[in-house]
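1. 3D, please:
(2 chains)
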Amino acid sequence: MIKEQILKNLQKTLEKIGEKEVDIDLQPPTNADFGDYSTSMALKLTKLLKKNPVTIAEEIKNNFPKNDFIEKIDIIKPGFINFWIKPHQLLDYVQSVSTEKFDFPHFHLGKNEKVMVEFAHPNTHKLFHIGHLRNISTGETMVRILEAVGNKVIRSNYQGDVGLHIAKCLYGVQSEKSKIKSLKTLQEKIEFIGKMYTKGTKAYEDDIKAKEEINRINKMIYDQDQEILPVWQETKKWSLDYFNEVYKRVDSHFDRLYLESEFYKRGMEVANEALKKGILEKSQGAIVFNGKKYGLDTRVFINSLGFPTYEGKELGLAEKEFSEFGELDKNIHVVTPEQTSFFKITFKVEELIDEKKYKNKQHHLIYEWVKLKEGKMSSREGNIIEANWLIDQIKEKILKQFKCNDKTAEILAVASVKYSFLKTSTQTIIHFDMEESITVDGNSAPYLIYTYVRCQSVLNKDDYNSLTRKLVNSNIINNDELILLRKLYQFPEVVLKAVHEFSPNFIATYLYELSSQFNLFYQKNPILKADKKTKELRLLITKATANVIKKGLELLGIKTVEKM
RNA sequence: GAGCUCAUAGUUCAACGGAUAGAAUAAAUCCCUUCUAAGGAUUAGAUGGCAGUUCGAUUCUGCCUGAGCUCACCA
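-> Predicted coordinates for the structure are as follows:
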């Protein structure tokens, strides 16, 4: 990338001037009038060199090594140095992209070039709701962009299949056991356990006897008691089958599905070993981690009844995750922010257990809640927005508003939902509104896909393949074309930035800007009716735009359509 | 009570310590004899308050106000 070359040259320039210890910033400026790359290093050097920033900038400009990729260097007002890349460099890149080849720069989080992304984590016996949808969209795109920059990525998913909520549900199921046989479709089964969960939850609060029974069921699940085992397993299977359908629908999958029940035993063993080593300690009948020394909270790993808590089980899970697939550089947990304390502590305990294995290798990627206008979702209130239901609603809206077939509407609906989550930063709370939140116009997936389809439509009408020959730099590149060439050139850097900061929204924003610029270009400049040379250039731009949009959306986990 | 996070147009969101704070949406007005109008153009609108650091602050620091989350046997 030219960015690297400019940086290297700036480094050399600094050495010539006699300064070394300055970190050089170099980014595309917000305003394209200021060139392709801009640095404010001269401003930062004012103090060190005790000179006017503009003078320093001049000095840098004059000492910048001769090269064949910079068109011009400008110095502006307070002391910015702006670089303009030669158009033929941009053309070369766009030409390579027009053949659907994408070479992203590599970026690794460690020497193993292998990471795990743990995401989705729904609980069985519960609905897969919009919150999970945001999680899975985020996790899926993280997987894809990490792969794009050269990592082997393991997709994992830790699904809760034990706990009080499941006992509540099974209590309800037990009370209406006779109905089970009449349930035929998966949909009916899921609705049934949903209702039974509500029933169990109410009983738990209103009826002391029921509460005792639910606690007993909870213990039986942990003990794998034959009395409850068959129902637990059957209903769990319904949930897992249902989750699989959702994963498929949103174009996601996993290499490894972990279940919480798998780590009950091993978690307890690991916690006890940690107790012997003095990492954990006994307190009021429980085994806890005293975080005070480290400025952390104190949390329970094995409760006073002798059961491992979520924390305890996490130790078993971590051990497995870090051994099953060889050495990992990083394990990225895509989880909501209220678990920050939980992760800080489990990560610390793991580090104390085996520093080499765990230290700096666990990462909590915080993604925020999807809240409803009325407040937080809760199954008790019955205001859960189920993932499938939401996608169906959007699909219906699309079918009503536009002429397209079912298959296209399905892809566009899933795309709309995913994109509306991914275009905002992961750490922003989404205030969900059915009418406004999932948009199919403006900055939306259909807008991007429409732009792609437009490109395809033009390309399909072309009677000869003008893209096979190499375009040489001509002076006829107009401003609209140049803007697009420069924008296209930024794609790999944007992807790199997105991985670097775990911020897929950078890609979404970039794709929107690219589409927007293309649509403006399209409006003003005829492509197929232009003279031969111009037409070749414009077709090249069209092809490259289409490829970048398609690839960019793919990195976001979003499919495109060819016609709409 | 302690700690963490957040506060930007009417609304929902962007912005790496940088240049004129970007969009979408809602409103008004234009553009289909031209490659898909699910498009494009124009107009109007915002950094909670007070200090500080800096050549430069939405971004960093402190205080204030307001919201959310967490702080031992749930997951």
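2. just checking, A:Glu554 touches A:Arg144?
-> Yes: with contact defined as CB atoms under 8 Å, A:Glu554 reaches A:Arg144; the gap is 7.0 Å. Where you see a C-beta, it was placed from the backbone N, CA and C, and this is true even at glycine.
3. Let me see the mean pLDDT of stretch A:352-360.
-> Average pLDDT, stretch A:352-360: 96.
4. got it, and stretch A:202-212?
-> For stretch A:202-212, the per-residue pLDDT averages 92.
5. So what touches that stretch?
-> With contact meaning CB atoms under 8 Å, 6 or more residues apart in numbering, stretch A:202-212 is reached by A:168, A:171-172, A:200, A:214.
6. Just put those residues in CSV and tack on neighbour count.
-> Output for the contacts of stretch A:202-212, formatted as CSV (neighbours: other CB atoms under 10 Å):
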residue, neighbour count
A:Lys168, 26
A:Tyr171, 24
A:Gly172, 25
A:Gly200, 28
A:Ile214, 25
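7. Determine which two of those are furthest apart.
-> A:Gly172 and A:Ile214 (9.4 Å; CB to CB).
8. Between these two, which contacts overlap?
-> Joint contacts of A:Gly172 and A:Ile214 (CB under 8 Å, 6+ apart) are A:200, A:203.
9. Which residue lies nearest the spatial centre of chain A?
-> By CA atoms, centre = their mean, chain A has its centre lying nearest to A:Thr138, at 2.8 Å.
10. Excluding residues flanking it in the chain, which one is nearest that residue?
-> A:Tyr367 (5.0 Å; CB to CB, 6 or more residues apart in numbering).
11. What of A:Phe322?
-> A:Lys357 (5.7 Å).
12. separation between that neighbour and A:Phe325?
-> Counting by CB to CB, to the nearest Å, the gap from A:Lys357 to A:Phe325 is 13 Å.
13. For the host helix or strand of A:Leu485, the averaged confidence score.
-> A:Leu485 is part of helix A:479-489 when elements are defined by DSSP states H and E. Averaging pLDDT along helix A:479-489 gives 94.
14. what does that helix contact?
-> A:32, A:36, A:85, A:87, A:89-91, A:93-94, A:97, A:477, A:513-514, A:517-518, A:520-521, A:524-525, A:537-538, A:541, A:544-545, A:548.
15. A:Lys357 and A:Phe325: who's more crowded?
-> A:Phe325 (18 against 15; other CB atoms under 10 Å).
16. Enumerate the residues of the stretch 251-400 of chain A near RNA strand B.
-> Counting by CB under 7 Å from any atom of the strand, the residues of the stretch 251-400 of chain A lying close to RNA strand B are A:260, A:283-286, A:288, A:297-300, A:303-305, A:307, A:309-311, A:337-342, A:376, A:398.
17. hang on, the earlier thing: the residue nearest to A:Thr138 contacts A:Asn135, correct?
-> Yes: between A:Tyr367 and A:Asn135 there is a contact under CB under 8 Å: 6.2 Å.
18. which neighbours do those two share?
-> Contacts common to A:Tyr367 and A:Asn135, judged by CB under 8 Å, 6+ apart, are A:334-335.
19. so who does the residue of the stretch 201-350 of chain A found nearest RNA strand B touch?
-> Residue nearest to RNA strand B within the stretch 201-350 of chain A (CB to the nearest atom of the strand): A:Asn303, separated by 2.1 Å. Neighbour list for A:Asn303: A:286, A:309 [criterion: CB under 8 Å, 6+ apart].
20. Next one: it relative to A:Gln284, how far apart?
-> A:Asn303 is 10 Å from A:Gln284, by CB to CB.
21. ditto for A:Gly557
-> In this view, A:Gly557 and A:Gln284 are 46 Å apart by CB to CB.
22. higher neighbour count, those two?
-> Each of A:Gly557 and A:Gln284 had its neighbours counted (other CB under 10 Å), and the higher figure belongs to A:Gly557 (25 against 7).
23. Am I right that that one sits in a strand?
-> No: according to DSSP: H, G, I helix; E, B strand; the rest coil, the state of A:Gly557 is coil, so it is not within a strand.
24. which residues sit in contact with the closest residue to it other than its chain neighbours?
-> Distance criterion CB to CB, 6+ apart; nearest residue to A:Gly557, sequence neighbours excluded, is A:Glu140 at 4.0 Å. The contact partners of A:Glu140, taken as CB under 8 Å, 6+ apart, are A:119, A:250-252, A:557.
25. So which of those belong to strands?
-> Among the contacts of A:Glu140, DSSP state E puts none in strands.
26. Can you list the low-confidence ranges for the stretch 101-250 of chain A?
-> Nowhere does the stretch 101-250 of chain A drop to pLDDT under 70.
27. tell me which parts of it are close to RNA strand B?
-> Counting by CB under 7 Å from any atom of the strand, the stretch 101-250 of chain A sits next to RNA strand B at A:123, A:160, A:162-165.
28. Using JSON lines, please lay out the residues you listed together with secondary structure and neighbour count.
-> Below are these laid out as JSON lines (DSSP: H, G, I helix; E, B strand; the rest coil; neighbours: other CB atoms under 10 Å):
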{"residue": "A:Asn123", "secondary structure": "strand", "neighbour count": "19"}
{"residue": "A:Gly160", "secondary structure": "strand", "neighbour count": "18"}
{"residue": "A:Val162", "secondary structure": "coil", "neighbour count": "22"}
{"residue": "A:Gly163", "secondary structure": "coil", "neighbour count": "17"}
{"residue": "A:Leu164", "secondary structure": "helix", "neighbour count": "15"}
{"residue": "A:His165", "secondary structure": "helix", "neighbour count": "20"}
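29. ok, those residues vs RNA strand B, which is closest?
-> A:Gly163 (2.9 Å).
30. Name all residues that make contact with the closest one.
-> A:123, A:218, A:260.
31. quick revisit: could you measure the residue nearest to A:Phe322 against RNA strand B, distance?
-> From A:Lys357 across to RNA strand B, the span is 23 Å (CB to the nearest atom of the strand, to the nearest Å).
32. try A:Ile130
-> From A:Ile130 across to RNA strand B, the span is 13 Å (CB to the nearest atom of the strand).
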